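S.K.: below are the sequence and a predicted model; questions follow.
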Amino acid sequence: MSSHTPLLVLKDVHVEVEGKEVVAGVSLTINAGETHAIMGPNGSGKSSLSNALMGHPSYKITRGDVSLAGRSILAMSADERSRAGLFLAFQYPLAIPGVTVANFMRTALMAHRGKDADMSDFRKLFKAEMAALSIDEKFATRYVNDGFSGGEKKRIEILQLSMLQPKMAILDETDSGLDIDALKTVSQGINRFHNKSNGILLVTHYQRLLDYVKPDFVHVMMSGQFVKSGGAELALKLEDLGYDWVSEENGGKVTVK
């Protein structure tokens, strides 16, 4: 349930990639305690928006503003945005050969807590969060995402989410490549993280993730814009009818790619 405290606020955000506008004026307010979902066809700008919010250098916010907990983040680097409480779970998590999962998680947590932070609880916290996500302890000594299956990579992303406890989590197609068992486990991890003090922005093509992680609001993105918003029932309608009806409702001004 929302506490009506603005957590992530987007005001008329425009994003360019290699000089091409891919997000064409998006505004959104996510309050603490809320879960929002962005749905849309391929090429609609969903992942571009996610990457731009996190500070990916290839995705440039050319107009508008983005604030997290009342503070503009546009001048912040990606790591500064992370320390401020913004988190992005990638659609395609990268492998990091030579860096173990345990060392990666410890380094990330230390960066968030500060160099003089007490890390005496790390081992206990790390083991508890791995167990909650049904991740075998052997993964602690494996290199990050090196040779991992799609489901294993996504569980490591949610493990990082659980360890860092950000204010705002952006989950970019976390359900892609997951079988039903992995989807349930990952969804449980997301729900366990979520509380009245943080927010979640889910980016997805499909209803199936939303069967387990219930959104308060659903936004349909097409041609780089939000063209329709509603409650959880909107996702069900999209599952039944696809996106063509949204385009028709907008007079054909937005396209399904």
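M.R.: Received the coordinates, thanks.
S.K.: wait, what's in contact with Leu178?
M.R.: Neighbour list for Leu178: 150-151, 154, 186 [criterion: CB atoms under 8 Å, 6 or more residues apart in numbering]. Yep, even glycine has a C-beta here, placed from its N, CA and C like the rest.
S.K.: and it, how far is that from Lys138?
M.R.: Separation of Leu178 from Lys138 (CB to CB, to the nearest Å) stands at 21 Å.
S.K.: which residues sit in contact with Val220?
M.R.: Taking CB under 8 Å, 6+ apart as the contact definition, Val220 lies against 38-40, 226-229, 234, 238, 243, 246.
S.K.: tell me the one of those nearest Gly114?
M.R.: Ile38 (32.6 Å; CB to CB).
S.K.: ok, the closest one - contacts?
M.R.: 46, 49, 201-204, 218-221, 226.
S.K.: just the buried subset of those residues, please.
M.R.: With neighbours counted by 16 or more other CB atoms under 10 Å, the contacts of Ile38 contain buried members at 46, 49, 201-204, 218-221, 226.
S.K.: what's the lowest-pLDDT member of these?
M.R.: Among the buried ones among the contacts of Ile38, Thr204 carries the lowest pLDDT, at 91.
S.K.: nearest to Ser120, of the contacts of Val220?
M.R.: Nearest to Ser120 among the contacts of Val220, with distances taken as CB to CB, is Ile38, at 39.2 Å.
S.K.: the helix or strand containing that closest one: how far from the chain's middle?
M.R.: Element membership for Ile38 (DSSP states H and E) is strand 35-39. Centroid displacement of strand 35-39 relative to its chain, using CA atoms, centre = their mean, to the nearest Å, is 10 Å.
S.K.: would you agree Thr107 falls within a helix?
M.R.: Yes: using DSSP: H, G, I helix; E, B strand; the rest coil, the assignment for Thr107 is a helix.
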